[in-house]
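Peer 1: Starting from these lines, generate the structure:
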Amino acid sequence: MKRYEGFSEEAREILDDLVNEMEDQTWTERWSLVSRVLQVEQVALSLKAGDDCEALASVQAEGLVAELIAAALDRLDADEPVCSESAQVLLISADARHRAAAREWFAAHPGEWEALQPTLH
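Peer 2: Next comes the predicted model:
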């Protein structure tokens, strides 16, 4: 079963829009799009959970964005990182294979991982 086959109709529509937008983009453009989506998710999580850290962690664990990213990567046949931006996108995927491939890529390119550190804090 494909990851997205269990999605609701609304989630499938969002996935279709995401894939259509990402299809002809470079990895830099894809990462920019994913970053914006993650920012929106963080705002939504904060509003939903308020100041309750436990509630925030619980909501974040639902991982709709991570599931959408995993499904989009599957549909784009983009399972292997080819640059820092692609590795960053794969790293936030709900698919363990994507995350493992990203970790391997960053292990082989430690300078790229080090360059990201200031942006992660």
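Peer 1: mind showing which ranges of this protein have poor pLDDT?
Peer 2: Judged by pLDDT under 70, the chain has its weakly predicted residues at 1, 43-62, 117-121.
Peer 1: Swap in 50 and give it another go.
Peer 2: Within the chain, the ranges that satisfy pLDDT under 50 run 53, 56-61, 121.
Peer 1: Show me the residue at the heart of it, geometrically.
Peer 2: Geometric centre of the chain, nearest residue: Ile92, 3.9 Å, by CA atoms, centre = their mean.
Peer 1: Who are the contact partners of that one?
Peer 2: Val34, Leu38, Val65, Ala66, Ile69 (CB atoms under 8 Å, 6 or more residues apart in numbering). Using the backbone N, CA and C atoms, a C-beta is placed for each residue, glycine as well.
Peer 1: Can you say which helix or strand has the third one in it?
Peer 2: For Val65, the host element (DSSP states H and E) is helix 64-75.
Peer 1: Just the CA trace of the helix or strand following that helix, in PDB.
Peer 2: Going down the chain from helix 64-75, the next helix or strand is helix 84-91, by DSSP H and E. As requested, the backbone C-alpha atoms of helix 84-91 are provided in PDB (Å, rounded to 0.1, in the frame of the first residue of the first chain):
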ATOM      1  CA  SER A  84      22.100  19.500   1.300                       C
ATOM      2  CA  GLU A  85      18.600  20.800   0.600                       C
ATOM      3  CA  SER A  86      17.400  17.400  -0.500                       C
ATOM      4  CA  ALA A  87      18.900  15.800   2.500                       C
ATOM      5  CA  GLN A  88      17.100  18.300   4.700                       C
ATOM      6  CA  VAL A  89      13.800  17.500   3.100                       C
ATOM      7  CA  LEU A  90      14.400  13.700   3.500                       C
ATOM      8  CA  LEU A  91      15.400  14.200   7.100                       C
END
